[in-house]
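Q: sequence first, then the predicted structure, then my questions.
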Amino acid sequence: MATMDISRLVRSDYDRVVAVETDSAGRAVLFRRGTDDVVTREIMPFQPWLLVSGPELARALKDTSEITPLRGDGMHRVRVSFPSWSAYEDAVKDLKDLTGMNPSAPLAPYRLFTDKAQQILTMLPARLFRGMAFQDLRRMQLDIETRTADGFHFPDALRASDEVLLVSLKDSTGWECCLSVAQAGEAAMLKRMLELIQERDPDVIEGHNIFNFDLDYLDKRCKRHKIPFVLGRSRRPTFARSSRFTAGERTATYKRYDIYGRHVVDTWHLVQLYDVAHRDMDGHGLKPAARYFGVAAENRTYVAGNDITRIFEEDPETLMKYCMDDVRETDALSRILSPSYFYQAQLVPYSYQSCITRGNATRIDALLCAEYMQANASLPIPQQAQPLQGALTEAQHSGVFQNVWHVDVRSLYPSIILARGMCPAGDSERAFGRILGELRNFRLAAKDAMREASGHEKENYSALQGSFKILINSFYGYTAFSQGTFNDYVMANAITREGREILGSMRDFLQDAGAIIVEMDTDGIYFTPPPGMTDQAEMERRVQAILPPGIEVELDASYQAMYGYKSKNYALLDWDGRVSVTGAALKSRGLEPFQRRYMMEHLTMLLTGREAELPALYERFETDIREHRLPLKDFAKREILSMAPRLYAEKLAAKATKRSAAYELALQAKKEYLQGDSVEFYVTGDKKNVSVVGNARLLEEADEQQRDENIPYYLDKLAQLKAKFAEG
DNA sequence: AGCTCTGGCCGGAAAT
DNA sequence: ATTTCCGGCCAG
């Protein structure tokens, strides 16, 4: 199918590349997995490069090999290349001295691309994995179990008495293996593990929390035994450094490992990225994630963290099974979550590993900059951030409504950009709209192909179209990305303004037709149809008729009933009797579980016309709380530490933040809490009005036998909850 | 070292 | 006791 040819979208002169690296001479090293499944190493001529603002600055640099003028009037209009990485590094130093500016300064007259893989992929040009399907990738899963010395609660690789007990390995060919320290000691086991990785020669090494735990631990144990920690191809050493990972509102620091010729994929990252979009997971650990995705092995062996050492001594077979189940689950999670990034790596000039750890807008930036370099076009510099008005939201009515329809605009912002032919001010090559349009067409083709395919093929098309959907929707966000080379705040404002106008005109039309608008947000409206209107297709046609060309609506769902609470907060009853709840006020993870449960039951009664049962529901909860019938967990709030507890302490001392129970508890806790960790705690005391700071206990430090939850406090919360729904 | 955006609800702490 | 502000979490 011609439209499904990804090479039309972005050029790559090489197929089946699984990794790119550099050698000291500055050349590019391509690792390619042939159709015979053998990996070859090829050296390609390549010269490290950077951009400067003009020929004078270019000529001021020493040891350059090529100076290429770039067309157009962007700020960075000359590309300079160098015979080696050391010449490049020297030039970077000289540029700092010559200009007196750091590369990160907004007006610096030079620009660096510090990611070497990006430099190579951009210029060759090449992209990873072209001509390959996800199944062609050789993925290896790794998991270790460790001994925690008596008297300690958590593993510590630096403690002499701790050690690796088991290493489980598995790869995508079906090969599996479990090494034990009991066979010949830790040093021999580590050496064998390193040998096996060389033999199996995976393109990707996967694990759950592999960056912060397994690799770090193995690294430290290898150092102790003076075994070189060589995981890379060509027996290259492994590098680690501190880095940060962002998923939605939370960032986590992690120890980033770079393994020569391979990629490291942490399924913990994949799970968090997934949950940013879905926000319905119970936790991001391997076990909850495996259960969530329905891939937990049946009769799976579970071993609690603090039992590992004991079980290893008493029943090593059981621990080995447990460890094997872990790598199998890691593989299963990866098979679900990583294909989307595999396909993005075919487009974006980043390594596969970077496609996962870096944000959507950054990937789009890399894509656009690469197009410019291919066209020998100059690059603009980002606009300074300006205020941006967002979407239109209204909750017009609260309360229960019967027979509610939902209409929404398909891909609102991308459609506006394409329909109006919008183009960022700095995009002289008009690459933004062209790539967006091609991505959209490609996605539609992939969706069509998905419908016709089956098995692996269907999954592949599904991953392909799904990952393009995410990229496509990020194009709007990119226009307001402060570091985006082609950001444009005027355009961003024009996009949202037209979005508000479109949604507003749909609202006016529906109201004039006699519909009742319950709630609307950004690109969709929930409403009760005008009296006498029963034909959804006809309604869709009428709404469509008032919209400009290129803007398509879809009357995609209807519901038995809807309870509108406030903006972005509502509950729906579908025709099969299922209730779904939307909005932070109704289902936030920050709410105590008993509140969430009460709300769910209360809302279900409201939606199904069982208001008469509400008093009994309330009484049941009241009694349960009063008589300690609920587990302590039901009173625990969960908060994620967005900064390191130590940083909180500093900010508090400087009066730069307010006191917070979660951080105070984390600081006092027996275990060490880090940024990104979640803290579960409940309120103690015996008075309704207590300050939470100073009257809270960590759930894990609680004693179910000596209950101390604050009953008046929680009864008051229940009363407030009831009152909340009684209004309106 | 790396980062898409705004709008909105809510609880808790501090200020009034 | 009431208001203001901030951080957390969520919708899209």
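A: Right, received. Where do you want to start?
Q: from here on, just use CA atoms for contacts and neighbour counts.
A: Fine.
Q: and the stretch 301-450 of chain A, which residues reach DNA strand B?
A: A:357-362, A:387-394 (Cα under 7 Å from any atom of the strand).
Q: return a ChimeraX selection command for the buried portion of these.
A: The following ChimeraX line selects those of these that are buried, judged by 16 or more other Cα atoms under 10 Å:
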select /A:357,359,360,361,362,391,392,393
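Q: got CSV for the residues of the stretch 301-450 of chain A next to DNA strand B, with pLDDT and secondary structure too?
A: Shown next, in CSV, are these (pLDDT from 0 to 100; DSSP: H, G, I helix; E, B strand; the rest coil):
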residue, pLDDT, secondary structure
A:Thr357, 91, helix
A:Arg358, 90, coil
A:Gly359, 88, coil
A:Asn360, 88, helix
A:Ala361, 91, helix
A:Thr362, 92, helix
A:Pro387, 87, coil
A:Leu388, 90, coil
A:Gln389, 91, coil
A:Gly390, 90, coil
A:Ala391, 92, coil
A:Leu392, 93, coil
A:Thr393, 92, strand
A:Glu394, 91, strand
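Q: is the lengthiest strand in chain A positioned near DNA strand C?
A: Across chain A, the longest stretch assigned as strand under DSSP state E is strand A:553-566. No: contact between strand A:553-566 and DNA strand C is absent, the nearest approach being 10.7 Å (criterion: Cα under 7 Å from any atom of the strand).
Q: near DNA strand B at all, that strand?
A: Yes: shown here: strand A:553-566 in contact with DNA strand B (Cα under 7 Å from any atom of the strand) through A:Lys566.
Q: for that strand, give the mean pLDDT please.
A: Average pLDDT, strand A:553-566: 94.
Q: output the contacting helices and strands for it.
A: Counting contacts by 3 or more Cα pairs under 8 Å, 6 or more residues apart in numbering; DSSP states H and E, strand A:553-566 packs against strand A:393-395, strand A:399-409, helix A:536-545, strand A:569-573, helix A:593-607.
Q: straight-line length of stretch A:655-664, end to end?
A: 15 Å (Cα to Cα, to the nearest Å).
Q: can you give me the buried ones in it?
A: A:661-664.
Q: nearest residue to A:Met132 other than its sequence neighbours?
A: A:Arg16 (6.0 Å; Cα to Cα, 6 or more residues apart in numbering).
Q: what does A:Gly232 give?
A: A:Tyr260 (4.5 Å).
Q: report the entries of the residues of the stretch 301-450 of chain A next to DNA strand B that also contact DNA strand C.
A: A:Gly390.
Q: name the residues that touch the longest strand of chain A?
A: A:395, A:397-410, A:518-519, A:536-537, A:539-540, A:543-544, A:570-575, A:603, A:606-608, A:725 (Cα atoms under 8 Å, 6 or more residues apart in numbering).
Q: quick one: residues contacting the residue most central in space within chain A.
A: The centre of chain A sits closest to A:Leu273, judged by Cα atoms, centre = their mean, with a distance of 2.1 Å. A:Leu273 is in contact with A:247-248, counting by Cα under 8 Å, 6+ apart.
Q: A:Leu699 - how many residues pack around it?
A: By the criterion of other Cα atoms under 10 Å, A:Leu699 has 19 neighbours.
Q: can you read off the pLDDT for the spatially closest residue to it that is not a sequence neighbour?
A: Excluding its sequence neighbours, the residue lying closest to A:Leu699 (Cα to Cα, 6+ apart) is A:Phe681, at 5.0 Å. As predicted, A:Phe681 sits at a pLDDT of 89.
Q: so which strand or helix has A:Phe681?
A: strand A:678-683 (DSSP states H and E).
Q: got the residues of chain A near DNA strand C?
A: A:249-250, A:278-279, A:390, A:521-524, A:568-569, A:582-584, A:587-590, A:638-643, A:656-658.
Q: OK, contacts around the residue of chain A most remote from its centre?
A: What lies farthest from the middle of chain A is A:Gly532; by Cα atoms, centre = their mean that is 45.3 Å. By Cα under 8 Å, 6+ apart, no residues touch A:Gly532.
Q: what of A:Phe486?
A: By Cα under 8 Å, 6+ apart, the neighbours of A:Phe486 are A:365, A:380-383, A:424-427, A:479.
Q: out of these, what pair is the most spread apart?
A: A:Asp365 and A:Ala425 (14.8 Å; Cα to Cα).
Q: tell me which of the two has more neighbours.
A: Remark: of A:Asp365 and A:Ala425, A:Asp365 carries more neighbours, 22 against 15, as counted by other Cα under 10 Å.
Q: got a list of what the more buried one touches?
A: By Cα under 8 Å, 6+ apart, the contact list for A:Asp365 reads A:478, A:484-486.
Q: mean confidence score for stretch A:72-92?
A: 95.
Q: list the contacts of that stretch.
A: A:24-27, A:47-55, A:58, A:61-71, A:109-111, A:377-381, A:426, A:428.
Q: buried ones in that stretch?
A: A:72, A:74-85, A:87-88, A:91-92.
Q: check stretch A:498-505 too.
A: A:498-500, A:502-504.
Q: going on from the helix or strand of chain A with the lowest mean pLDDT, what's the next piece of helix or strand?
A: Of all helical and strand segments in chain A, the minimum by mean pLDDT, DSSP states H and E falls on helix A:645-653, at a mean of 81. Sequence order places helix A:661-668 as the next helix or strand after helix A:645-653, per DSSP H and E.
Q: quick one: the least confident helix or strand of chain A to helix A:661-668, angle?
A: 120 degrees (axes from the mean of the first three to the mean of the last three Cα atoms, to 10 degrees).
Q: and helix A:645-653, what's buried?
A: Quick answer for helix A:645-653 (16+ other Cα under 10 Å): A:645, A:648-649.
Q: equivalent analysis for stretch A:411-423, please.
A: Under 16+ other Cα under 10 Å, the buried positions of stretch A:411-423 are A:411-418, A:422-423.
Q: who touches the closest residue to A:Ala391 other than its chain neighbours in this structure?
A: Nearest non-adjacent residue to A:Ala391, counting by Cα to Cα, 6+ apart: A:Thr522, 5.0 Å away. When the contact criterion is Cα under 8 Å, 6+ apart, the partners of A:Thr522 are A:391-393, A:499-500, A:503.
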